[in-house]
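**Student:** What follows is a predicted protein model with its sequence.
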Amino acid sequence: MGDKRGVLIVLSGPSGAGKSTVIAGMMKRRGDVRFSVSATTRPARPGETDGKDYFFLTREAFDELVARDAFLEHAEYVGNCYGTPAQPVEESLAAGWNVLLDIEVQGAAQVMAKRPDAVSVFLCPPSLAELERRLRGRGTDPEEKILGRLARARREYPLAKNYTYIVVNDDADKAAAELDAIITAELCRSEKRLAFIEKGDRSI
């Protein structure tokens, strides 16, 4: 049979790009994608489940995993550590699942350095003006936070050139369809399908 190994997808984009909506739309289209579960040292919030929402670890346990190079990426934010454990990702990929990592650009850079086979996707709105409109349209964030997110987006946009694909989210359904198509295209790469040709089996 052909290579049934899944594809590792790294998705990044500025706050307000619509990642959650686009991911949800893509997930409705296909049943072969799993989310990666991150590890964190922050306490669990009400309703959160260990192993489902996060792997909740002590700082000592987290540092031990860092020392063992057991994370695809990790970082510290406001005194708490976050990271993507490599083992669960690898197990899901080996089982044939496509694994999606929704992470910021710094973490994505770490993953791409460690895993050149990763398929990276940068999701963005059609313009910074549209991003600002969406952030203000939420009506939930103070001005200082909005300006901070816009400043961060301006720093992140030039890094889009480092990604395999860029999806412009001017329409959520269209963007979800494009993300779906990217995964399908990656599964059709010759190295994944060559076994069918070599065996003369074209019943893919």
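**Tutor:** Thanks, I have it.

**Student:** And the helices in the chain?
**Tutor:** With DSSP state H, the ranges of helices along the chain come out as 19-29, 59-67, 86-94, 105-114, 128-138, 143-156, 172-187, 190-198.

**Student:** how about a markdown table for the ones you listed, with mean pLDDT, distance to G47 and mean neighbour count added?
**Tutor:** C-beta coordinates here come from the backbone N, C-alpha and C atoms, glycine included. Below are those laid out as a markdown table (pLDDT from 0 to 100; distance: least, Cβ to Cβ, whole Å; neighbours: other Cβ atoms under 10 Å):
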| stretch | mean pLDDT | distance to G47 | mean neighbour count |
| --- | --- | --- | --- |
| helix 19-29 | 96 | 17 | 17 |
| helix 59-67 | 97 | 22 | 13 |
| helix 86-94 | 96 | 22 | 16 |
| helix 105-114 | 95 | 25 | 18 |
| helix 128-138 | 91 | 22 | 15 |
| helix 143-156 | 92 | 24 | 14 |
| helix 172-187 | 97 | 26 | 18 |
| helix 190-198 | 80 | 39 | 12 |
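
**Student:** Distance to P43 for those - can I get that in TSV?
**Tutor:** TSV is the format used below for the helices of the chain (distance: least, Cβ to Cβ, whole Å):
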stretch	distance to P43
helix 19-29	23
helix 59-67	12
helix 86-94	21
helix 105-114	21
helix 128-138	26
helix 143-156	23
helix 172-187	33
helix 190-198	41
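
**Student:** Between those, which one is closest to T49.
**Tutor:** helix 86-94 (14.9 Å; Cβ to Cβ).

**Student:** about what we covered before: between the helices of the chain, which one is closest to G51.
**Tutor:** Nearest of those to G51, taken as Cβ to Cβ: helix 86-94 at 9.2 Å.
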